[in-house]
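J.: everything below, folded, please.
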Amino acid sequence: MSTATLAGRLAAWLAYRLFRGPLARRSPHFHKLAMKLFRYGAEHGDRAALTTYGSLLHFRGADPASRTQGALYLQAAAEQGDAKALWLVGKFYEEGLSPLFAKDPVKAESCFQRAADAGHPLAQSLLETER
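T.: This next block holds a predicted model:
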């Protein structure tokens, strides 16, 4: 999933517009469509779709399988260098999110450092207070 296809990027762009627009808030049909487009974009390697869809699944998923899949999408986005995903994966390693992310302070620190380097403000604050 390292390289996004053009179709994946287009699906993610459209999903974001639908998701943030008034139609998705009022219409379950448009919300469902936005989620399908996010999934398509994520499955075709779009970093923003991986992060957004992964976050939605992980934090708002209906069942453990959805939350696990969300964490995997976030990990894929982190591997592509997405600052938010790196922060979240760092938190997974810091707190230990079983079964995928065993507690590992070294991996957590690495993710936080990469997130800070990518401009994530919480990661930057965390690293500044540790110094």
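J.: need phi/psi at the residue nearest to residue 68 when sequence neighbours are not counted.
T.: Spatially, and ignoring its direct neighbours in sequence, residue 68 is nearest to residue 100 (6.7 Å; C-beta to C-beta, 6 or more residues apart in numbering). C-beta coordinates here come from the backbone N, C-alpha and C atoms, glycine included. Backbone torsions for residue 100, taken as degrees, to the nearest 10, come to phi -80, psi -40.
J.: count of residues packed around residue 100?
T.: Burial measure for residue 100: 13 neighbouring residues, criterion other C-beta atoms under 10 Å.
J.: need the contact list for it.
T.: 68, 71-72, 75, 92 (C-beta atoms under 8 Å, 6 or more residues apart in numbering).
J.: burial count for the residue nearest to residue 97 when sequence neighbours are not counted?
T.: Closest residue in space to residue 97, ignoring its immediate chain neighbours: residue 71 at 6.3 Å, by C-beta to C-beta, 6+ apart. By other C-beta under 10 Å, 22 other residues sit near residue 71.
J.: so how far is stretch 122-131 from its chain's centroid?
T.: Distance, stretch centre to chain centre, for stretch 122-131: 21 Å (C-alpha atoms, centre = their mean, to the nearest Å).
J.: offset the numbering so it begins at 768, please.
T.: Will do, 768 is the new start, and the previous item becomes stretch 889-898.
J.: contacts for it?
T.: Contacts for stretch 889-898 (C-beta under 8 Å, 6+ apart): 850, 853-854, 857, 879-880, 882-883.
J.: could you rerun that using 6 Å?
T.: Identification of contacts with stretch 889-898 by C-beta atoms under 6 Å, 6 or more residues apart in numbering yields 854, 879, 882-883.
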